[in-house]
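In: fold the following for me, if possible:
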Amino acid sequence: MDTINETFLLIAFFLYLLSTILFSVSVTGRKWRDKEGDMTGNRWGTLGFITAIAGFVFALGYFITRWVEAGRAPVSNMFEYMTFLGIALSFAFLIIYAIYKTNVLGMFTMPVVMLIIAYASIFPSEIEPLIPSLQSNWLKIHVTTTAIGQGILSIGFAAGLIYLIRTLDFTKRDKKVFWLEFIMYSLVSLAGFIVVRYLFQLLNYEAVFQYVDETGNEAELVYHLPAILGPNEGQLLTSGVMEPLIHLPSWLRSDDANTVVWSLLTGVVLYVLLRLILRKPIGGSLQPVLKGINPETIDEVSYRAIAIGFPVFTLGGLIFAMIWAQIAWTRFWGWDPKEVWALITFLFYAAYLHLRLSRGWHGEKSAWLCVIGFAIIMFNLVFVNLVIAGLHSYA
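Out: You can find the predicted model right below:
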């Protein structure tokens, strides 16, 4: 059964890749443009949509077969949750595309889906028994609803990014261009880290440390990347591997913090190489492809995605979460880092809707907020889940 669900997920990944290619051809193909720049007789977008549907069907096959094998909803660790988030994002895209038929959204969304699934695959994928606090029906209710909400909100990010690339003036070296390029650098960092992680995995790299954990007890920790950041009072037990440059305090999860540092460093190298090859900002290189895109339509897509995703996330990330917290830990709220950042996410998107509906924040301002909102979601998923020790550190 384990082989079956892995095969389904692998097929889904390559179908998402094919969908990305088809959507890219539909957007970049000049021969389908008339004199006004509009697309005519272009079937590639439809093929991309059909392929994305097929990818989602196989991804759903992975989810169902893993659920049957595990005897529970497969959303209880980082591999399972991030994979389900990628599936939720692809599902949200199918809904939004069916309404707006915007091919460029597929060209930007499908790569994000692949990045999330590829990132999930670097975490241990073994099926393990649930800890007591997770043995509840509220696990699948709370976590799956949260992931679906985040997936829909992520469509707002993709649309906001398209809007900014389409409308910003990249001939100017201002703060807007700088921050947009920082976003592109972040995406490049994620892609680069995945490649580096698989490279060291192929080399069977492993470094074992003995350290003192947050409870004051001695424990062992295994690194799968060279240790730039070491654990609290860590002693390296493996010979012939790199010694850490810095030792972190016990309240930080040093192996995951080390992973974040490797991601950032890899991103710097790849981003510099891309800039040398392109000789212009990455966003500026993509802008000519988007000249035929109507900014107002993309702005509408981003707003609709947030308007749909916000109540879904509120249900899963706050209301259902508090019910589950009462059952698992006998309190509705405990100011755990994960709970705090879920509240920050809720307040941010509530502010977005208020500013858009009451203050008229459309267009560029709205697009920046969509991008910042996605950054908050990713910070919550990656940094809070992995680096800061808390009740949700298992997630």
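
In: apart from its chain neighbours, what residue comes closest to residue 205?
Out: residue 224 (6.0 Å; C-beta to C-beta, 6 or more residues apart in numbering). In this view, the C-beta of every residue, glycine as well, is placed from N, C-alpha and C.

In: what are the structural domain limits within the protein?
Out: Taking automatic domain parsing as the domain assignment, the ranges for the chain are 2-170+280-386, 171-279.

In: pLDDT of the first one, averaged?
Out: Domain 2-170+280-386 carries an average pLDDT of 86.

In: from residue 170, how far off is the one residue sitting closest to the centre of the chain?
Out: Per C-alpha atoms, centre = their mean, the C-alpha nearest to the average position across the chain is that of residue 116, at 4.8 Å. Noted for residue 116: a distance of 27 Å to residue 170, by C-beta to C-beta, to the nearest Å.

In: again, but for residue 218
Out: Taken as C-beta to C-beta, the span from residue 218 to residue 170 is 54 Å.

In: what's the answer for residue 293, then?
Out: Residue 293 is 16 Å from residue 170, by C-beta to C-beta.

In: hey, where'd the helices end up in the stretch 251-395 of the chain?
Out: 254-278, 282-286, 295-314, 320-329, 337-358, 363-379, 385-386 (DSSP state H, counting those that start in this stretch).

In: what's the first helix or strand after whichever strand or helix holds residue 8?
Out: Taking DSSP states H and E as the criterion, residue 8 maps to helix 2-28. Reading on from helix 2-28 to the C-terminus, the next helix or strand found by DSSP H and E is helix 44-70.

In: which ones are touching residue 201?
Out: For residue 201, the contact set (C-beta atoms under 8 Å, 6 or more residues apart in numbering) comprises 122, 224.

In: kindly confirm my reading that it is in a helix.
Out: Yes. Under DSSP: H, G, I helix; E, B strand; the rest coil, residue 201 falls within a helix.

In: what's the pLDDT at it?
Out: Residue 201 carries a pLDDT value of 82.

In: do residue 226 as well
Out: Listed pLDDT for residue 226 reads 89.

In: who's in contact with the closest residue to residue 118 other than its chain neighbours?
Out: Counting by C-beta to C-beta, 6+ apart, residue 118 lies nearest to residue 194, which is 4.9 Å off, once chain neighbours are set aside. Counting by C-beta under 8 Å, 6+ apart, residue 194 makes contact with 115, 118, 119, 122.

In: so what does the longest helix seen in the chain touch, helix or strand wise?
Out: For the chain, the longest helix by residue count, based on DSSP state H, is helix 137-167. If you count contacts as 3 or more C-beta pairs under 8 Å, 6 or more residues apart in numbering; DSSP states H and E, helix 137-167 packs onto helix 78-100, helix 103-120, helix 175-202, helix 282-286, helix 295-314, helix 320-329, helix 363-379.

In: using a markdown table, please lay out those helices together with distance to residue 228.
Out: Putting those into a markdown table (distance: least, C-beta to C-beta, whole Å) gives the following:
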| stretch | distance to residue 228 |
| --- | --- |
| helix 78-100 | 21 |
| helix 103-120 | 19 |
| helix 175-202 | 12 |
| helix 282-286 | 26 |
| helix 295-314 | 34 |
| helix 320-329 | 34 |
| helix 363-379 | 20 |
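
In: ranking those helices by burial, who's on top?
Out: Of all those, helix 103-120 carries the top mean neighbour count, a mean of 24, counting by mean count of other C-beta atoms under 10 Å.

In: fine by me, thanks again.
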